[in-house]
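# Coordinates for the following, if possible.
(2 chains)
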Amino acid sequence: MESLEYSLSQSVLEHLSSLYNLSGLKLEFQATRKNFEGDITLVLFPLLKQTSQNPSVLGGKIGTHLIEQSPFVSRFNVVSGFLNLSISDAFYISFLEDFLKVKDYGHINVDRGAPTIMLEFSSPNTNKPLHLGHIRNNLLGNSVSNILEANGNHVIRTQIINDRGIHICKSMLAWQRYGGGETPESSGLKGDQLVGKYYVMFESKYREQVTDLVNKGNLQEEAEKKAPLLLEAQRMLRDWENNNSEIRNLWAQMNQWVYDGFEATYQKLGINFDSYYYESETYLLGKSIIQQGLDKGVFYTQDDGSVWIDLTDEGLDKKLLLRSDGTAVYMTQDIGTASQRVADHPHVKGMVYTVGNEQNYHFKVLFLVLQKLGYSWADSLFHLSYGMVDLPSGKMKSREGKVVDADDLIEQMKNTAGNIAAEHGKIDGLNQDQRDELYQKIGLGALKYFILKVDPKKKILFDPEASVDFNGNTGPFIQYAYARIQSLIRRVEGGLKLHSDLSLVDKEKEVLKHLSTYPVVIKTAGEQHSPALVANYLFDLVKLFNSFYQNVSIFAEEDQKLQSLRLLLCQAVSNNIESASGLLGMTLPDSM
RNA sequence: GGCCCAGUAGUUCAACUGGAUAGAAUAUCAGAUUUCGGCUCUGAGGGUUGGGGGUUCGAAUCCUCCCUGGGUCACCA
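All right, here's what the predicted structure looks like:
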């Protein structure tokens, strides 16, 4: 209801400042509570001090003024400190007219001057396949990107790929030793699954060696450090850093398998990226920036040669930036990557990092370090932090294989969707391809909605069984409503006209009121772009539509004008479901 | 132990960032309806917002002290 709210605000502020001596006032409108008469409410309490009036007098003055000035305000009443305004049908009718004309209502166009935001998400390690945690990350990152775009920003979807380190060497070593030249083609495995298989194999062989050493009289701790496989993996890492060509080739090949595998998963999720950054390409830049910081005196060196920053003044600790042997740590690489990104996109106005909340501290430190280095862009960084996804059986542990694999999960959701659809027996007219497509849409819709409807900060208890519930506050419920509307619209032939002399019944008015408060328009401030908000908004809209559908007989032989109005209203609801679902990355089937 | 986050109906989640009597879904119970659809609709019960104290016209929300759970404090990433 932004435009309405805005024009009312302006009118009220003008009026008030002509009567009183006011400064810096901002009016907050809110939807009127159900039990009170009215559509939109102005809270008067904040205005009382400056005007030194009691609520009923002030409310009366504003109310009468609005009725005289605004064609859209038809009645008002004041209850304690709340001024409730009733909005006229004329407003809603003209709103509906506008709504139907505009494609993607609520989306702001991205033009040349639009701010550029880089949003990092996914960012996997290259030694194992994606799991359920990555799915939450991907869905969140993608959805927030969509929402930022809808708010008129130019968004660059990016990743940092952790492509070097001991973990990859472990996979490489196990493959060299036990792989027998196996490739994705020869094994029929997805590349990431194949590489992950050898990572798991390394861990189990390594464990064997450790127990062996312990049985021969070594202490557990020693054994873990002395096991030949580990020593060999470490040597491999050194060879990699020394540019040993054989190791580099193997590394490049296995990483490529993983990238291809990831790409297949992203495609299934409907996600793509505009740019990729690799740790192997930015950690050197990070090291050189540390050197610059040393020169500037932002950092300091310890006796052993390691480099640190002291953040005790900020209430944090001291933090290591370079090891005593001069090699980079995680933080070093992140500093390099951030700097590289700004170098590549000089107009970037902000960077968002989609990373789990176990790294809250890390990002606090990273942002502080960048600020202290004096980068102008360092105060427009945001950590999009999210809670873990736990299973009913407990925490996920990738080393113990206690993870829900992303590909498996997607497949499972699809199958469940298929089973339910088959039970209902409404798919007889579809061939196999069409069915597959439909199950994919439903299964993924369920998964996406289930995860996105929850506030990012909160942890999710993911119960695979419960997530596939097709009733209640779920993705398929939304999709089903949409399909029904499509089916309705298909039945109607010919053009429809909107007549302005209609008066609305309560249900219609409620639906229009809801449509006019589209979340993208009302929530444009900073971090408020929550997919959860969009999801809950969508659900409310569908509930409203259902009650409208129930109480209004669309097919009864009644006034042509009324029929037009109702069908156009259905059209508007369906446009809105489509547009809001798009923000969540959901696709909608025309029938199901 | 220090720091960070969470705690809301039996359960899963909301609450427009300080506004009115804390709302939905689900489950349970009672009715209505079946037009294009597995449905849909109406109503009922269900709450000390983890607990105490404070701030003010007004607190789930802000401050403070406790309780519970999770995370983090690595020359890991």
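
# doesn't residue A:115 make contact with residue A:149?
No. Between residue A:149 and residue A:115 there is no contact under Cβ atoms under 8 Å: 11.2 Å. C-beta here means a position set from N, CA and C on the backbone, and glycine is covered the same way.

# which one of these two has more residues nearby?
Per other Cβ atoms under 10 Å, whichever of residue A:149 and residue A:115 has more neighbours is residue A:149, with 20 against 16.

# need the contact list for that one.
Residues in contact with residue A:149 (Cβ atoms under 8 Å, 6 or more residues apart in numbering) are A:107, A:110, A:155.

# if you set the cut-off to 10 Å instead, what comes out?
By Cβ atoms under 10 Å, 6 or more residues apart in numbering, the residues touching residue A:149 are A:107, A:108, A:110, A:114, A:117, A:119, A:155, A:157, A:520, A:583.

# out of those residues, which are buried?
A:107, A:110, A:114, A:117, A:119, A:155, A:157, A:520, A:583 (16 or more other Cβ atoms under 10 Å).

# after the lowest-mean-pLDDT helix or strand in chain A comes which helix or strand?
Between all helices and strands in chain A, the lowest mean by mean pLDDT, DSSP states H and E belongs to helix A:519-522, at a mean of 52. Note on helix A:519-522: by DSSP states H and E, the next helix or strand toward the C-terminus is helix A:531-551.

# What helices and strands are in contact with that next one?
Judged by 3 or more Cβ pairs under 10 Å, 6 or more residues apart in numbering; DSSP states H and E, the packing partners of helix A:531-551 are helix A:132-150, helix A:432-452, helix A:475-490, helix A:506-515, helix A:519-522, helix A:560-584.

# what's the least confident stretch among the ones you listed?
Note on these: lowest mean pLDDT is at helix A:519-522, with a mean of 52.

# shared neighbours, residue A:149 and residue A:115?
Counting by Cβ under 10 Å, 6+ apart, the residues touching both residue A:149 and residue A:115 are residue A:155.

# Could you pick out which of the buried ones among the contacts of residue A:149 are located in strands?
Among the buried ones among the contacts of residue A:149, the residues falling in strands (DSSP state E) are A:117, A:119, A:155, A:157.

# burial count for residue A:585?
Using other Cβ under 10 Å, residue A:585 has 21 other residues around it.

# what about it, distance to residue A:9?
As judged by Cβ to Cβ, to the nearest Å, residue A:585 and residue A:9 stand 34 Å apart.

# Also residue A:499?
Counting by Cβ to Cβ - residue A:499 and residue A:9 are separated by 31 Å.

# could you dump stretch A:412-421 to CSV, C-alpha only?
Backbone C-alpha positions of stretch A:412-421 (Å, rounded to 0.1, in the frame of the first residue of the first chain) are rendered in CSV as follows:
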residue,chain,number,x,y,z
GLN,A,412,13.4,-38.3,-2.5
MET,A,413,11.3,-35.2,-2.6
LYS,A,414,10.5,-35.8,-6.2
ASN,A,415,9.4,-39.4,-5.5
THR,A,416,7.2,-38.5,-2.7
ALA,A,417,5.5,-35.9,-4.8
GLY,A,418,5.0,-38.6,-7.5
ASN,A,419,3.5,-41.1,-5.0
ILE,A,420,1.1,-38.6,-3.7
ALA,A,421,0.0,-37.4,-7.1
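
# and that stretch, is it in reach of RNA strand B?
Yes. Residues of stretch A:412-421 contacting RNA strand B under Cβ under 7 Å from any atom of the strand: A:420, A:421.

# Over to stretch A:585-592?
Yes. Looking at stretch A:585-592 against RNA strand B by Cβ under 7 Å from any atom of the strand, the contacts come from A:591, A:592.

# Please enumerate the strands of chain A.
For chain A, the strands defined by DSSP E occupy A:29-31, A:40-43, A:73-79, A:82-87, A:116-120, A:154-161, A:275-278, A:300-301, A:307-310, A:318-322, A:348-356, A:381-386, A:389-390, A:460-461.

# in the first one, what's buried?
Of the residues in strand A:29-31, those buried by neighbour count under the rule 16+ other Cβ under 10 Å are residue A:29.

# Mind giving me the packing neighbours of it?
So strand A:29-31, by 3+ Cβ pairs under 10 Å, 6+ apart, packs with helix A:2-19, strand A:40-43, strand A:82-87.

# likewise the last one?
With contacts taken as 3+ Cβ pairs under 10 Å, 6+ apart, strand A:460-461 sits against helix A:132-150, strand A:389-390.

# The first one versus strand A:348-356: what angle between them?
In terms of direction (axes from the mean of the first three to the mean of the last three Cα atoms, to 10 degrees), helix A:132-150 departs from strand A:348-356 by 160 degrees.

# Could you check stretch A:67-81 and say which residues are buried?
A:70, A:72, A:73, A:74, A:76, A:77, A:78, A:79, A:81.

# Look up how far residue A:199 lies from the last one.
Spatial separation of residue A:81 from residue A:199 under the definition Cβ to Cβ is 62 Å.

# And for the fourth one?
If you measure residue A:74 against residue A:199 using Cβ to Cβ, the figure is 68 Å.

# can you list the residues of the stretch 351-500 of chain A near RNA strand B?
A:357-362, A:387-388, A:395, A:420-421, A:424, A:426, A:453-455, A:457-461, A:471-473, A:477, A:480, A:483-484, A:487-491.

# Whichever of those residues end up buried, select them in PyMOL.
Typed into PyMOL, the next command selects the buried ones out of these (criterion: 16+ other Cβ under 10 Å):
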select buried, chain A and resi 357+362+387+388+420+421+453+454+460+473+477+480+483+484+488
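
# Buried residues, stretch A:363-379. List them.
Quick answer for stretch A:363-379 (16+ other Cβ under 10 Å): A:363, A:365, A:366, A:367, A:368, A:369, A:370, A:372, A:373, A:375, A:377, A:378.
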